[in-house]
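Asker: quick one: sequence and predicted model below, then my questions.
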Amino acid sequence: MKKDAKIYIAGHRGLVGSAILKNLKAKGYSNFVTRTHKELDLTDSTAVAHFFTSEKPEYVFLAAAKVGGIVANNTYRGDFIYANLMIQNNVIHQAYVHGVKKMMFLGSTCIYPKNCPQPMKEDYLLTDVLEYTNEPYAIAKIAGIKMCESYNLQYGTNFISVMPTNLYGPNDNFDLEKSHVLPALIRKMHLGKALENNDWDAIRKDLDQLPIEGVDGSADKDVIYSVLDKYGIQQKEDKVHLEIWGTGNPMREFLWSEDMADACVFLMENRDFADCYANDTKEIRNTHINIGTGEDIAIKDLAQLIKESIGFKGTLFFNTDKPDGTMKKLTDPSKLHGLGWKHTIGLQEGVQKVYAWYTK
Ligand SMILES: NC(=O)C1=CN([C@@H]2O[C@H](COP(=O)(O)OP(=O)(O)OC[C@H]3O[C@@H](n4cnc5c(N)ncnc54)[C@H](OP(=O)(O)O)[C@@H]3O)[C@@H](O)[C@H]2O)C=CC1
Ligand SMILES: C[C@H]1O[C@H](OP(=O)(O)OP(=O)(O)OC[C@H]2O[C@@H](n3cnc4c(=O)[nH]c(N)nc43)[C@H](O)[C@@H]2O)[C@@H](O)[C@@H](O)C1=O
């Protein structure tokens, strides 16, 4: 990519899109096209076609999607499959129609089977059934991978699909119902610590930034106690008890979002779709590359790590009415390592960084 190439970052305000924009700016790129969801609804085929006709981007990072944690995926199943299929169909197809030089599609490691051999290599795609809690989202992502592969093979496009593991960092979603585990636990423990310290300024500030069910910092203490209690932050006899969903036994791998962005830009700068071959199988598929750290942690240990990092002193309890999801989904990032990229931020450092960002 030339430094003045016109680059469209779809989803530039999100966790990953904002990190990609920051990374590109730091590397000297300057010619960006961005649209918020309100300005351009990517599920609207006509609007997306008009946008590509008028803006003619040369490179595209497709980091816009309907995204959420395990409960959001399981609850809003129709929304997840519809919005994601529409967004990716529109953007991928228009990228082809308008001769985009290179495009990157962001999938997710939930595309791999529920009981996938570990660590998960790229060529384990479509070898068994999926985890049910996020099956609609995963099916959409698999369709996106296969659409990129099919367009590359039929039309000679240069579309790269990457499959990131669970991500976290600045500009994440901290909604306590819809977010992923790491931002949810950061916020819950921040509020739990404020509650045990009777720090109402911190609690009110947090709720002003992001109200919970419409309850903001101006609400009465009783209302705030009750909404926190509902989301698993409960004060009983001067002790705060904090809910962790599921058994705490599932293993998850976490990658700092700015490392993820760096990997995306690295691949766009240095690689073509042909590099995405799963060369380690007899059957060569032109599909995708894993982006991960190759290290995972049990949710209960993650909770402990965040607890210590934030300085929350209360107790943790496990709500097994909430789903565990897949028990393990560790990427094998050796293909990415072989192409010349490796992550830099470990989990402990990343948790401290994201908590510093959150409190700021
Ligand atoms: N977060 C994670 O742990 C993981 C994420 N991924 C993938 O990475 C990509 C980025 O995810 P992430 O940054 O976390 O997501 P976020 O929810 O943080 O951001 C999503 C972005 O998409 C935009 N968007 C959503 N729907 C539409 C729409 N209909 N039209 C236009 N824009 C829309 C939003 O725009 P606006 O800001 O204007 O509302 C937002 O900027 C996604 O493809 C996701 O599937 C993969 C694995 C893990
Ligand atoms: C990135 C990935 O994200 C989603 O998959 P997931 O990894 O299962 O999502 P998650 O981060 O929400 O949960 C991870 C684990 O953590 C446990 N858990 C504990 N306590 C909280 C909690 O308070 N909130 C949440 N969200 N989870 C919690 C939770 O029960 C689960 O066992 C996919 O739907 C799909 O979108 C996808 O690709």
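Answerer: Thanks, I have the structure now. Numbering: from 1, shown residues only. Ligands and ions are numbered 1, 2, ... in the order given.

Asker: contacts only, for whichever residue of the stretch 251-360 of the chain sits closest to ligand 1.
Answerer: Nearest residue of the stretch 251-360 of the chain to ligand 1 (CB to the nearest ligand atom) works out as residue 257 at 7.3 Å. Using the backbone N, CA and C atoms, a C-beta is placed for each residue, glycine as well. Residue 257 makes contact with 15-16, 19, 167-172, according to CB atoms under 8 Å, 6 or more residues apart in numbering.

Asker: next, the buried residues of stretch 328-348.
Answerer: Neighbour counts over stretch 328-348 (16 or more other CB atoms under 10 Å) mark 328-333, 335-336, 339, 341, 343, 345, 347 as buried.

Asker: quick check, distance from it to the centre of its chain.
Answerer: 16 Å (CA atoms, centre = their mean, to the nearest Å).

Asker: keeping just the C-alphas, turn that stretch into PDB.
Answerer: C-alpha atoms of stretch 328-348 as PDB (Å, rounded to 0.1, in the frame of the first residue of the first chain):
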ATOM      1  CA  LYS A 328     -11.500 -24.500  24.600                       C
ATOM      2  CA  LYS A 329     -10.600 -22.600  21.500                       C
ATOM      3  CA  LEU A 330      -6.900 -22.000  21.300                       C
ATOM      4  CA  THR A 331      -5.500 -20.800  18.000                       C
ATOM      5  CA  ASP A 332      -2.400 -22.300  16.300                       C
ATOM      6  CA  PRO A 333      -0.800 -19.000  15.100                       C
ATOM      7  CA  SER A 334       2.200 -20.700  13.500                       C
ATOM      8  CA  LYS A 335       1.200 -19.700  10.000                       C
ATOM      9  CA  LEU A 336       1.200 -16.100  11.000                       C
ATOM     10  CA  HIS A 337       4.500 -16.500  12.800                       C
ATOM     11  CA  GLY A 338       5.900 -18.100   9.700                       C
ATOM     12  CA  LEU A 339       4.800 -15.000   7.700                       C
ATOM     13  CA  GLY A 340       6.800 -12.800  10.100                       C
ATOM     14  CA  TRP A 341       4.500 -11.400  12.700                       C
ATOM     15  CA  LYS A 342       4.100 -12.100  16.500                       C
ATOM     16  CA  HIS A 343       2.100 -10.300  19.200                       C
ATOM     17  CA  THR A 344       3.900  -8.000  21.700                       C
ATOM     18  CA  ILE A 345       1.500  -7.400  24.600                       C
ATOM     19  CA  GLY A 346       0.900 -10.200  27.200                       C
ATOM     20  CA  LEU A 347      -2.400 -10.600  29.100                       C
ATOM     21  CA  GLN A 348      -1.200  -9.100  32.400                       C
END
